[in-house]
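J.: Have a look at this prediction, sequence included:
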Amino acid sequence: MSSEKKKVAILGGGNMGTALAKGMVASGKYIPADITLTRRNLRYLESMEKEGFQVTTDNAEAVAGADIIILSILPQQLDNVLDTIAPSIDPARHLFVSIVTGVMVEDIVQRVGQEVQVIRAMPNTAIAIRESMTCIAGSKASEENRALVQEIFEAVGETVEIEEELMTSATALCACGIAFFLRSIRAATQGGTEIGFHAADALRMAAQTAKGAASLLLYFQSHPENEIDKVTSPKGCTIAGLNEMEHHGFSSAMIKGIKTSSLKAEQLYHKEK
Ligand SMILES: NC(=O)C1=CN([C@@H]2O[C@H](COP(=O)(O)OP(=O)(O)OC[C@H]3O[C@@H](n4cnc5c(N)ncnc54)[C@H](O)[C@@H]3O)[C@@H](O)[C@H]2O)C=CC1
Ligand SMILES: O=C(O)[C@@H]1CCC=N1
């Protein structure tokens with residue numbers, strides 16, 4: 001059965017849970033009535049309810065009424081939620097998808113039962129506009145279930161299957177990465193304002209330029225340096241600016257930041273215990 005025909009419960013209707021639900025419906029493949037969102041305070045899900053999504057505070061009830069359960073709570077909230085829903089789990093029916101950072105498939109099955117199928121997915125906030133880069137890992141799950149999960153995340157962006165051991169690296173590069181690229185756009189905006197543009201204009205100009213740069217790589221499937229070579233005229237202003245940035249550690253700062261995020265992602269659940 002295709003994932004479109006399945007009932008979905010998203011446990012944790014926060015930033016990612018609500019963005020995923022909206023992105024799924026925006027794809028035209030899913031309807032709000034088939035998606036249940038849970039949250040401890042339903043006041044924050046009122047607008048989702050108005051859009052036709054099912055909402056409840058009762059995680060066990062949401063699980064009982066669903067085929068696919070998407071775990072979208074914070075790592076420190078996971079154990080409590082798993083313990084609450086454990087009695088309602090039917091391993092023959094339920095497929096679990098966890099987007100919880102730093103939590104292994106093995107951590108979940110140890111808590112709810114080895115026979116439960118669990119697949120990890122690491123999307124980013126661009127699921128809201130169906131432009132996520134979602135990394136998926138779950139080699140122990142059946143081919144059918146892996147296809148179901150791929151179908152969901154392909155409705156909200158691009159997907160790639162990776163080994164689970166690379167999941168924290170994927171978190172740093174692709175999920176945290178949204179913030180890293182946004183900060184670099186903000187920095188460009190600040191530079192643009194200093195050299196003469198109103199902040200709002202500078203932001204629009206910088207954001208469209210960043211979008212163009214990323215699109216060049218995806219469209220031509222080329223390497224950044226190939227595209228950079230086309231911008232840097234001999235003795236020109238681009239290479240002067242670029243080298244100045246590198247003298248101040250531009251690439252090094254990004255690399256070190258990504259490594260630090262990856263290490264932190266690994267500790268988010270296990271260090272809490
Ligand atoms: N924000 C991001 O860019 C990304 C986050 N993630 C992961 O996704 C998960 C969710 O992240 P966010 O949505 O950003 O966090 P969030 O804090 O916005 O959402 C978590 C939601 O779970 C709710 N919640 C807490 N306990 C609950 C319970 N017992 N029952 C039902 N709901 C409960 C909270 O009220 C909150 O609304 C985290 O594990 C995070 O590491 C993964 C990829 C990207
Ligand atoms: O900052 C965090 O911990 C979460 C996980 C990936 C993006 N945001």
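T.: Ah, there it is. Ligands and ions are numbered 1, 2, ... in the order given.

J.: Quick one: residues contacting Glu266.
T.: By CB atoms under 8 Å, 6 or more residues apart in numbering, the residues touching Glu266 are Gly102, Thr168. To be clear about C-beta, it is placed using only N, CA and C from the backbone, and glycine gets the same treatment.

J.: Nearest residue to Gly23 in space, please, no chain neighbours.
T.: Nearest residue to Gly23, sequence neighbours excluded (CB to CB, 6 or more residues apart in numbering): Val156, at 3.8 Å.

J.: residues near whichever residue of the stretch 151-273 of the chain sits closest to ligand 2, how many?
T.: In the stretch 151-273 of the chain, the residue that lies nearest ligand 2 is Ala175 (3.6 Å; CB to the nearest ligand atom). By other CB atoms under 10 Å, the residues close to Ala175 number 23.

J.: could you pull out the helices for the stretch 51-200 of the chain?
T.: 59-64, 75-85, 105-112, 143-154, 167-170, 177-194, 199-220 (DSSP state H, counting those that start in this stretch).

J.: buried set for the third one?
T.: Taking 16 or more other CB atoms under 10 Å as the basis for neighbour counts, the residues of helix 105-112 that come out buried are Val105, Asp107, Ile108, Val109, Val112.

J.: Ok, stretch 140-157 next?
T.: Result for stretch 140-157 [16+ other CB under 10 Å]: buried residues 141, 145-146, 148-157.

J.: for Leu42, what are its contacts?
T.: Glu49, Val55, Thr56, Thr57.

J.: Can you give me the distance of it to ligand 2?
T.: 24 Å (CB to the nearest ligand atom, to the nearest Å).

J.: and the gap between that residue and Glu154?
T.: 30 Å (CB to CB, to the nearest Å).
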